[in-house]
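Participant: A predicted structure for the sequence below; I have some questions about it.
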Amino acid sequence: MDLKSEIKKRRTFAIISHPDAGKTTLTEKLLLFGGAIQTAGAVRSNKIRKTTTSDFMEIEKQRGISVSTSVMAFDYNNIRVNILDTPGHKDFAEDTFRTLTAVDSVILVIDSVKGVEEQTRKLMEVCRMRHTPVMIFINKMDREGLHPYDLLDDLEKELKIAVCPYTWPIGSGKQFKGVYNLYKKDVQIFASDKNSIPESLISTRDILDPRLRDYVGEDNIERLWEEIEFVGDMFETFNMSLYREGYLAPLFFGSALNNFGVLELLETFLEIAPCPGTIQASERPVDPAEEAMTGFVFKIHANLDPNHRDRIAFMRICSGRFERNKFYFHTRSEKKMRFSSPASFMANNKSIVEEAFPGDVVGLYDSGNFKIGDTLSEGELLHFEGVPSFSPEILREVVNLDPLKTKQLEKGVRQMTDEGVAQLFVQQPGNRKIIGTVGELQYEVIKFRLEHEYGAKCSFSHLPYVKACWITSDNKKEMDAFFSRKYSSIAFDKENNPVFFAESEWVLKTAKDNFPSLTFHNTSDFKMKINKKI
Ligand code: G4P
C-alpha cells in the first residue's frame, strides 16, 4: 500500500476523563469490538487483581492508579485504530498533556452523575489550545444522573465548546430505555440484562414500530419527541469542519459497562475522526505524506518488562515510512541511530514491527539517549513543538539514605527526570539535587522506582519554596548582580539554565521589580526559542 493510503486508514486518538468516569471500561470495550481482546470478563477479572490491560505498571498494581501511558492498536473495518492511553490521576496531568501532543483527536468520557469535573476542565484546556477534535461520550446512563439538558449546558459553559448531540437518551437511570440516533433516526434498546429484551424487538430499530412503543412506553416517546425538538432548536447540528477544528463536539450517550452505545460511538468515530494531518515543527509544518520519516518522542517508559532494565521511548511518526534497521538522525545530539527491534503494542503484548506510518506509535529501546520531545528525522534539523513543561510548584531536596548507592541514585534521578516524571535542578555548593514536580504523588513514585529499579534509597526534605522560574536576560551585569544577591535561591536545570526559587509570590514580584531586565519564565517553551536561534 502506498504512503497516502496508509495515512488515510489511520486514526490515532486518546480517551480522556476525570478518574472514575469510565475511561478504562470504555477502552476495554473498544478493544473488544476491535477483536484485540477476546472477552470483557478477562480484562475485568484482571482489574480485580488491581491491573488491567491498559494499566500494567508495577507501581500501579500497588496503588491502583494509572501512571503509565500505554498504546493499543487494533484494526476495525480496515482502519488501523491507535489508542493512546493516558493516566487519569491529576498528579500525572503533564504526562497526559504530552500524550495529547501525539494524537489527532480525543474521546472525552463524562460521568452522567457527576458532569464536568476538575480534570475534565484541564484536559479540555489543552485540547482547545491545540484545536484537537473532540467527541464526547456521556457514560453511566444506567445510573440516576443529571438531566441531559443540564449536562449539555454544563459542558458548553465549563468546557467552552459547542456540543451537538448525535444520540439522545430515552429516560435515564432505572428508566433508561435506550438511545435515539438523531442522524440515522433509529433506536437502540437498552436493558442491563440483554436477555430480557424480547426477541421481537431486537430486529426493529424503528421508533414508530408499535412493539417498540409498547416497550419504551408512550410517556417516554412523547418526552423524547419534545426533547428532540428542543435539542434541534438549542444545539448545533453536526458540521465536519467545526468538529475538525475543535469547535464542535459530537456527543453520545451510553453505558460502557453495559456495552451500550459503544459500537455507535466507534463507528461514528471512524467515519468522522481525522486521519494524521500536518504537524507543526519549530522550523516548518510537516506534511504526513512527505517521503522523509520524521517523528518525536512523547513518552519514555522505564522498565515496561520487569525482566529487562531497558527504557522504551514512544515515538509518534509524523511523516514518511519508518523502517526497522534504517539509520535515523537524532536532531538533539545530531547523531545517527538505528533500531533493530522497534516495538508495536497491543496492550501489554509487544511485537517487533518492520515498518510504521504516520499516526503510528513505535516503541524504541533506549539505553538513556532519549529525552521527552526528541525528534528523529532523515537528516533535517527539525524540532516538533510539544506542550511545554510547567514550572514546578513543589520542590524537595533529595536526601541519599544509602551512600554506597550514590551512583545508582544519581543515574535513577537523571533517567527519571529525562522521562518527564519530574524536573531536576542542581544547586551549588555541594551538588544538592532538588526535584520539582506539579504533584505530590511523583515523590512517592520516584522513591518507589529508585528502590525497585535502581536499588537506591532516598527521602525528600521539604524546601520553603512555592515557585521555580527559569530566568533569562540580555543584561549580563544585572544577571550577575541578581545571582550574587539571590545566591542561595538559584539552581540550574539539566541544560544548565538558571532557575530562581521563590519563597512566596511576593518575593517573586519584588525580584521582578528590582531586576527589570530579567525575564522570569513559567514554562519551558523559552528553551525552544533559544534552540531555534542556534
Ligand atoms: P477510569 O478508567 O475513568 O478511572 O474509570 P473505570 O473505567 O475504571 O470505571 C470506574 C468505575 O465506574 C468502575 O467501577 C466501573 O465498573 C464503573 N463504570 C464504568 N462504566 C460504567 C457504566 O456505564 N455504568 C456504571 N454503573 N458503572 C460504570 P468500580 O467499582 O470502581 O470498579 P470495578 O470493580 O467495577 O472494576
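Facilitator: That came in fine, so what should we check first? This one's a predicted model, so the numbers in the text were calculated from it and none came from an experiment.
Participant: Wait, a helix at Met124?
Facilitator: Yes - per DSSP: H, G, I helix; E, B strand; the rest coil, Met124 lies within a helix segment.
Participant: So it is in contact with Leu159, correct?
Facilitator: Yes - checked against C-beta atoms under 8 Å, the pair Met124 and Leu159 is within contact range at 4.5 Å. (Glycine included, C-beta is placed from N, CA and C.)
Participant: now the biggest helix by length in the chain: mean pLDDT?
Facilitator: Across the chain, the longest stretch assigned as helix under DSSP state H is helix 218-234. Per-residue pLDDT values over helix 218-234 give a mean of 86.
Participant: Give the next helix or strand downstream of it.
Facilitator: helix 240-244 (DSSP states H and E).
Participant: list the buried ones in that next one?
Facilitator: Buried residues in helix 240-244, counted by 16 or more other C-beta atoms under 10 Å: Tyr243, Arg244.
Participant: ok, and the closest non-adjacent residue to Arg284?
Facilitator: Residue nearest to Arg284 in three dimensions, not counting chain neighbours: Leu382, with 7.8 Å by C-beta to C-beta, 6 or more residues apart in numbering.
Participant: gap between stretch 1-14 and the chain center?
Facilitator: Put simply, stretch 1-14 sits 20 Å off its chain's centre (C-alpha atoms, centre = their mean, to the nearest Å).
Participant: Likewise for stretch 267-281?
Facilitator: 16 Å.
Participant: ok, and what's touching that stretch?
Facilitator: Here stretch 267-281 makes contact (C-beta atoms under 8 Å, 6 or more residues apart in numbering) with 7-13, 76-77, 79, 81, 104-105, 107, 133, 135, 166, 238, 240, 243-244, 250, 252, 285-288, 294, 318-319, 358-359, 375, 382-385.
Participant: Just the CA atoms of it, as PDB, please.
Facilitator: Extracted in PDB, the C-alpha atoms of stretch 267-281 (Å, rounded to 0.1, in the frame of the first residue of the first chain):
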ATOM      1  CA  GLU A 267     -18.400   3.600  14.100                       C
ATOM      2  CA  THR A 268     -19.200   7.300  14.000                       C
ATOM      3  CA  PHE A 269     -15.600   8.000  15.300                       C
ATOM      4  CA  LEU A 270     -14.200   6.000  12.300                       C
ATOM      5  CA  GLU A 271     -16.400   7.900   9.900                       C
ATOM      6  CA  ILE A 272     -15.600  11.400  11.200                       C
ATOM      7  CA  ALA A 273     -12.300  11.400  13.100                       C
ATOM      8  CA  PRO A 274      -9.400  12.800  11.200                       C
ATOM      9  CA  CYS A 275      -6.500  10.800   9.900                       C
ATOM     10  CA  PRO A 276      -3.000  12.000  10.700                       C
ATOM     11  CA  GLY A 277      -2.500  15.600   9.500                       C
ATOM     12  CA  THR A 278       0.100  18.300   9.300                       C
ATOM     13  CA  ILE A 279       2.200  18.700  12.400                       C
ATOM     14  CA  GLN A 280       3.900  22.000  13.200                       C
ATOM     15  CA  ALA A 281       7.700  21.800  13.900                       C
END
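Participant: Return the set of buried residues in that stretch.
Facilitator: Buried-residue list, stretch 267-281, by 16+ other C-beta under 10 Å: Thr268, Phe269, Ile272, Ala273, Pro274, Cys275, Pro276, Ile279, Ala281.
Participant: how many other residues sit next to the residue nearest to Arg324 when sequence neighbours are not counted?
Facilitator: Closest residue to Arg324 apart from its sequence neighbours, by C-beta to C-beta, 6+ apart: Glu354 at 5.1 Å. For Glu354, the neighbour count with other C-beta atoms under 10 Å is 10.
Participant: do the same with Lys114
Facilitator: For Lys114, using other C-beta under 10 Å, the count is 15.
Participant: Name the residues of the stretch 101-250 of the chain found near the ligand, please.
Facilitator: Applying C-beta under 6 Å from any ligand atom, one finds that the stretch 101-250 of the chain approaches the ligand through Asn139, Lys140, Asp142, Arg143.
Participant: out of those, which are buried?
Facilitator: Applying 16+ other C-beta under 10 Å to those flags Asn139, Lys140, Asp142 as buried.
Participant: The first one touches Gly254, doesn't it?
Facilitator: The one in question is Asn139. Yes - Asn139 is within contact range of Gly254, at 6.6 Å (criterion: C-beta under 8 Å).
Participant: Tell me who's in contact with Glu397.
Facilitator: Arg432, Lys433, Ile434, Ile435, Phe460, Ser461, Leu463.
Participant: if I look at the last one, how far off is Val413?
Facilitator: Note on Leu463: its distance to Val413, by C-beta to C-beta, to the nearest Å, is 16 Å.
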